[in-house]
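Participant: Sequence and predicted structure below; questions after.
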Amino acid sequence: MKLKSCSAVTFIIFAAVLTCSFSVTARELRSIKPERAGISQERLDRITDHMNQAVKDGTMVGGLGMIARNGKVVYTETYGLADREENQPMTEDAIFRIYSMSKPITGVALMILYEEGKFFLNDPVARYIPELANLEVAISTADGNTKVASDGTNSRTIGAGDASKAGKTRKPKRQPTIRDLMRHTAGFTYGFFGNTEVDKMYREKEVMGQKDLKAFVTELGQVPLQYEPGTRWHYSVSVDVQGRVVEAVSGMSFGEFLKKRLFTPLGMKDTGFIVPKDKLDRFAQIYSPEGTSEGSDLFLRRNTSTKLVRSPERIDEGYMEGATFEGGGGGMVSTARDYLRFSQMMLNGGELDGVRILSPKTVELMTTNHLGDLPMGFGRTGVGFGLGFAVTLNQGDIGELGSTGEYNWGGAAGTKFWIDPQENLIGLFMVQSIPHRTRLGNEFKLLTYQSIIK
């Protein structure tokens, strides 16, 4: 993979940095024959055939699938190439940009501190981040006539609200809490999903283009909230704010805390914000539909082309040595093996290989729906949201294979994971194309469930 040195980025809406290699040697999750876990090898072969056909058709350049049941790996397959132009095969240790799959990791980091009594979930964020002490709410969006549309992929705020109320703000009925940050009800936005006056301010002030988390929250504190806290689920920068809360209450940088309290104990040796130079040969190339523009909202751009070409090199600036923004909302890289270890820890009730990260009661709290009657967005029914994870509430409402009680999330480049306590199952699908416009992750999930025979 060829990379050029680049200057600091605004592109990676969720950008950032990985720490050095870890000395810890983790006990690997053992692989067993699928039938021993109640899964059909013949039916698993359908996954491999399907994904290899996707490579042949050009739907993806390369990818990786992994399934574990009852704490044992029953399926690991690579598909296609990690770098087409260099004719580099996809490997099991390939490093992927996981984008929003960073969010559950950030949530776990915050809950480690919660278990130590450092804060309450219903505390106002400003108690720990004074830069956010004087937030107001934009009247045009909070009290105006904005419409929200869901297209099944991204929930977008359409229009600018009530133009006559532009530029006017008022005090919110209450300030956002830490729980609001974790369930996306804080009233923040990303600035890329719509064109409200608040979205425009995020873009103009380059809220996500700051050098570090302290500068980020300082800039964020100058922008009004888009909605009243607690009144609407809206995907936002709130997880990056969580990273700053971790810094404020732990006295460590976010990356340092993750390494010390999560990555090293779990043996997640390839997960973090920066890809070290000695690992760049394992960093999978990312692709985009031909003709995609190079704007900072590239991952949202519509494009009808089915031909994948190498993405602009600037997309990787935030992952190279020297980058300083540790974005817990989407700036991490990882391997399937590392993310499986994280997922297995969650499925085990907070423990892996004798290392306890969280209490089972904390895992239960994180994977409980915290939205009440609020709809989650993204065009989904039968789904709620916990503290860092989407949570399946009613499989009948969803209407596809799966289990009630499963929790999950995905990333902008097409990566996907889910954890199913009912089936004692974990599924991981890794791929790298942005903007991602395939159904491969959902197809992988469907084909996983059809392979279960006991």
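Facilitator: Sure, I can see it.
Participant: how about the strands in the stretch 101-250 of the chain?
Facilitator: 137-138, 147-150, 155-158, 169-170 (DSSP state E, counting those that start in this stretch).
Participant: Check those strands for me: which has the lowest mean pLDDT.
Facilitator: Across the strands of the stretch 101-250 of the chain, strand 155-158 has the smallest mean pLDDT, namely a mean of 41.
Participant: What about His234, how many residues nearby?
Facilitator: By other CB atoms under 10 Å, 23 other residues sit near His234. Glycine gets a C-beta too; all of them are placed from N, C-alpha and C.
Participant: Identify the residues contacting it.
Facilitator: Contact analysis of His234 by CB atoms under 8 Å, 6 or more residues apart in numbering lists 155, 157, 184-185, 187-189, 226-227, 377.
Participant: now do Ile434
Facilitator: By CB under 8 Å, 6+ apart, Ile434 lies in contact with 286-288, 298-299, 311, 315, 412-414.
Participant: As TSV, those residues with distance to Thr91 and pLDDT would be great.
Facilitator: As requested, the contacts of Ile434 are exported to TSV (distance: CB to CB, whole Å; pLDDT from 0 to 100):
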residue	distance to Thr91	pLDDT
Ile286	16	97
Tyr287	17	96
Ser288	22	93
Leu298	26	57
Phe299	25	54
Ser311	20	93
Ile315	21	91
Ala412	22	94
Ala413	17	96
Gly414	18	97
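Participant: from these, which would you call buried?
Facilitator: 286-288, 298-299, 311, 315, 412-414 (16 or more other CB atoms under 10 Å).
Participant: Out of those residues, which is nearest to Ile453?
Facilitator: Gly414 (28.1 Å; CB to CB).
Participant: Reduced to three states, what does the closest one come out as?
Facilitator: Under the three-state scheme (DSSP: H, G, I helix; E, B strand; the rest coil), Gly414 adopts coil.
Participant: if we can go back for a sec, next, format the contacts of His234 as CSV and append distance to Arg170 and neighbour count.
Facilitator: Shown next, in CSV, are these (distance: CB to CB, whole Å; neighbours: other CB atoms under 10 Å):
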residue, distance to Arg170, neighbour count
Ser155, 25, 20
Thr157, 19, 22
His184, 22, 23
Thr185, 19, 26
Gly187, 13, 27
Phe188, 17, 29
Thr189, 18, 25
Gln226, 13, 29
Tyr227, 13, 26
Gly377, 24, 19
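Participant: which of these has the weakest pLDDT?
Facilitator: Comparing those by pLDDT, Ser155 comes last, at 38.
Participant: Spatially nearest residue to Gly62, not counting backbone neighbours?
Facilitator: Of all residues not flanking Gly62 in the chain, Gly80 sits nearest, at 3.5 Å (CB to CB, 6 or more residues apart in numbering).
Participant: Quick one: list the elements packing against the host helix or strand of that neighbour.
Facilitator: When secondary structure is defined by DSSP states H and E, Gly80 falls within strand 72-83. Judged by 3 or more CB pairs under 8 Å, 6 or more residues apart in numbering; DSSP states H and E, strand 72-83 is in contact with helix 41-57, strand 62-69, strand 88-89.
Participant: Give me whichever of these is most buried.
Facilitator: Most buried of the helices and strands packed on strand 72-83 by mean neighbour count (mean count of other CB atoms under 10 Å) is strand 62-69; its value is a mean of 26.
Participant: pull the CA atoms of it into CSV?
Facilitator: Backbone C-alpha positions of strand 62-69 (Å, rounded to 0.1, in the frame of the first residue of the first chain) are rendered in CSV as follows:
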residue,chain,number,x,y,z
GLY,A,62,-11.7,-7.6,-0.5
GLY,A,63,-13.1,-8.4,2.9
LEU,A,64,-13.1,-10.7,5.9
GLY,A,65,-15.7,-12.6,7.8
MET,A,66,-15.5,-14.1,11.3
ILE,A,67,-18.1,-16.0,13.4
ALA,A,68,-17.8,-17.3,16.9
ARG,A,69,-20.2,-19.3,18.9
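Participant: hang on, the earlier thing: residues making contact with the strand holding Gly80?
Facilitator: Under CB under 8 Å, 6+ apart, the answer for strand 72-83 is 1, 29-34, 36-37, 39, 44, 47-48, 51-52, 54-55, 60-68, 87-92, 94, 282, 284-285, 336, 340, 448, 451.
Participant: neighbours of the nearest residue to Glu85 once chain neighbours are set aside, just the number please.
Facilitator: Distances taken as CB to CB, 6+ apart put Arg310 closest to Glu85, at 6.6 Å, once the chain neighbours are dropped. Arg310 has 16 neighbours, counted by other CB under 10 Å.
Participant: what's near enough to touch Arg310?
Facilitator: By CB under 8 Å, 6+ apart, the residues touching Arg310 are 85, 285-288.
Participant: Now do it against Ser433, distance only.
Facilitator: 11 Å (CB to CB, to the nearest Å).
Participant: Common neighbours of those two, please.
Facilitator: 286-288.
Participant: And the helices in the stretch 251-400 of the chain?
Facilitator: Secondary structure of the stretch 251-400 of the chain (DSSP state H, counting those that start in this stretch): helices at 254-258, 264-266, 336-347, 360-366, 395-398.
Participant: correct me, but Ser140 touches Gly194?
Facilitator: No: applying CB atoms under 8 Å, one finds Ser140 not in contact with Gly194, separated by 11.9 Å.
Participant: Next up, the contacts around Leu401.
Facilitator: When contacts are counted by CB under 8 Å, 6+ apart, Leu401 touches 445-446, 449-450.
Participant: what's the distance between the spatially most central residue of the chain and Thr415?
Facilitator: Nearest to the geometric centre of the chain sits Ser100, at 1.7 Å (CA atoms, centre = their mean). Distance, Ser100 to Thr415, using CB to CB: 9 Å.
Participant: Which pLDDT value belongs to Gly291?
Facilitator: pLDDT, read off for Gly291, is 81.
Participant: go on, Val9?
Facilitator: So Val9 comes in at 38 (pLDDT).
Participant: Tell me where the model's unsure across the stretch 201-350 of the chain.
Facilitator: Within the stretch 201-350 of the chain, the segments meeting pLDDT under 70 span 293, 295-303.
Participant: hmm, 50 instead?
Facilitator: Scanning the stretch 201-350 of the chain for pLDDT under 50 picks out nothing.
Participant: which residue sits closest to Pro229, ignoring its sequence neighbours?
Facilitator: Pro176 (4.2 Å).
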